[in-house]
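*Asks:* let me see the structure of the following:
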Amino acid sequence: MAFFSGGRSDFFGLDIGTFGLRAVQLKGPGPIKTLDRYGEITLDSTVGTGYDVVDKQGFTQALQRLVKQTGITAKNVAVNIPSQRVFTTIIDLPKMLPAELDKTIHYQAGSYIPTPPDKSKVDFAVIGNSPQAGKVEVLITSAPNDFIESRLALVEAAGLNVIAMEPDNMALARAIVAADATLPQLVLDVGSVSADLIISFGGTPHLVRAIPTGMQNIARAASQNLGVDARQAQQYVLKFGLGKDKLEGRVYAAIIGVIDGLAGEIEKSIKFFAERYGNTKLDRIIVTGGASTLPELPLYIANKFGINVEIGNAWRNVNVPPPQQNQTMVVSSHFAVAVGLAGRME
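*Replies:* As a prediction, this is how the structure comes out:
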């Protein structure tokens, strides 16, 4: 689902992250497309962040440079919306005709979303039958108009045509979960400032959450508890992680409180999902982003919940040419959102 769509086939996916931009262009028909072009670029600190751009010209130049460096020729682009700026919920409504459902959602939008409907972009999709008899599940997303319009203007200033804007978590699930997966799977992506959690089955997200815990929180805990500067703390976290036998377990002790807090949010989500869907059990947990690069975090999660954990592969639903396979796997944890955007079926 997206806030708008132009139905174009020649487009690429653009992930505007906190500190950088990532672009992916795929080619070919069907659900398994072939990688054509990809690349990433770091935003200069003077530009601000992807969520709060201070230097608009600097952002435009960085985006144009990325497109040129990757060799992407498409002018149409699908762009992400950070999960922190999107409200997502699932509601149960009586079965009705599509036209009636559209009227119902827009008439009652104010009771479903936290922001005024006239100041928000609202979209919805029926994702299946509800556990409640005679009803359907409807996934509703909304985002503030001013943020949508500002992001749209930034991208269009680079000479691009935005055909769709989609929440990070929707794109993430499309890339990380196998195209033919039917059993419930939880995807956990820990970014710089927050974590996305999605439980998907039957090709559709059925629980979507943005958790305000990211790699910055983990590094900050290491800095404060170890008495080192931010750069050193980040190095310690990425090198030693949750290794109890590394550096005498000091890094583990410094960050385990934050990790336990994140695990608590995961546990709440698993319990909610199980209760809603009749004690349906997860098949696996897939971790990506910081969740896959922090040493021993996948093992911690597996032991905590007794569920198989696998490292996410952003390219699992993409045919990657052999000469590019090694390099794409090295950067896989960076590209899930961009790949998911590029893999949209228009």
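*Asks:* alpha carbons of whichever strand or helix holds D15, in CSV - could you do that?
*Replies:* Per DSSP states H and E, D15 falls inside strand 11-16. Below are the C-alpha coordinates for strand 11-16, written out as CSV (Å, rounded to 0.1, in the frame of the first residue of the first chain):
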residue,chain,number,x,y,z
PHE,A,11,11.1,3.3,-11.4
PHE,A,12,13.6,2.8,-8.7
GLY,A,13,13.4,2.6,-4.9
LEU,A,14,14.9,5.4,-2.7
ASP,A,15,15.4,4.9,1.0
ILE,A,16,16.1,8.2,2.7
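*Asks:* for this protein, what are the low-confidence residue spans?
*Replies:* 1-9, 346 (pLDDT under 70).
*Asks:* residues in contact with stretch 100-116: which ones?
*Replies:* 87, 89, 91, 93, 96, 117, 120, 122, 124, 126, 138, 140, 142, 144 (CB atoms under 8 Å, 6 or more residues apart in numbering). Yep, even glycine has a C-beta here, placed from its N, CA and C like the rest.
*Asks:* that's a strand at the fourth one, yeah?
*Replies:* Yes - according to DSSP: H, G, I helix; E, B strand; the rest coil, L93 belongs to a strand.
*Asks:* need the nearest residue in space to it, chain neighbours excluded.
*Replies:* Computed as CB to CB, 6 or more residues apart in numbering, the closest residue to L93 that is not its neighbour in sequence is V138, at 5.5 Å.
*Asks:* again with the third one
*Replies:* Of all residues beyond its chain neighbours, the one nearest I91 is V138 (5.3 Å), with distances taken as CB to CB, 6+ apart.
*Asks:* and after the host helix or strand of the one you found, which helix or strand comes next?
*Replies:* Here V138 sits within strand 135-144, counting by DSSP H and E. Scanning forward in sequence from strand 135-144 by DSSP H and E, the next helix or strand is helix 145-156.
*Asks:* which SSE is immediately downstream of that next one?
*Replies:* Assignment by DSSP H and E places the next element after helix 145-156 at strand 161-167.
*Asks:* what angle separates that following strand from strand 135-144?
*Replies:* 120 degrees (axes from the mean of the first three to the mean of the last three CA atoms, to 10 degrees).
*Asks:* reduced to three states, what does the residue lying farthest from the centre of the chain come out as?
*Replies:* Going by CA atoms, centre = their mean, the residue of the chain most distant from its centre is E248, 34.3 Å out. Here E248 is helix, with the state taken from three-state DSSP.
*Asks:* element containing A210, please.
*Replies:* Per DSSP H and E: strand 204-211 holds A210.
*Asks:* how about that strand as CSV, C-alpha atoms only?
*Replies:* Extracted C-alpha coordinates of strand 204-211, given in CSV (Å, rounded to 0.1, in the frame of the first residue of the first chain):
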residue,chain,number,x,y,z
THR,A,204,0.7,-9.5,4.3
PRO,A,205,1.8,-7.6,7.5
HIS,A,206,-0.6,-8.3,10.3
LEU,A,207,1.2,-6.4,13.1
VAL,A,208,3.3,-3.3,12.5
ARG,A,209,5.1,-1.4,15.2
ALA,A,210,7.8,1.3,15.5
ILE,A,211,9.8,0.9,18.7
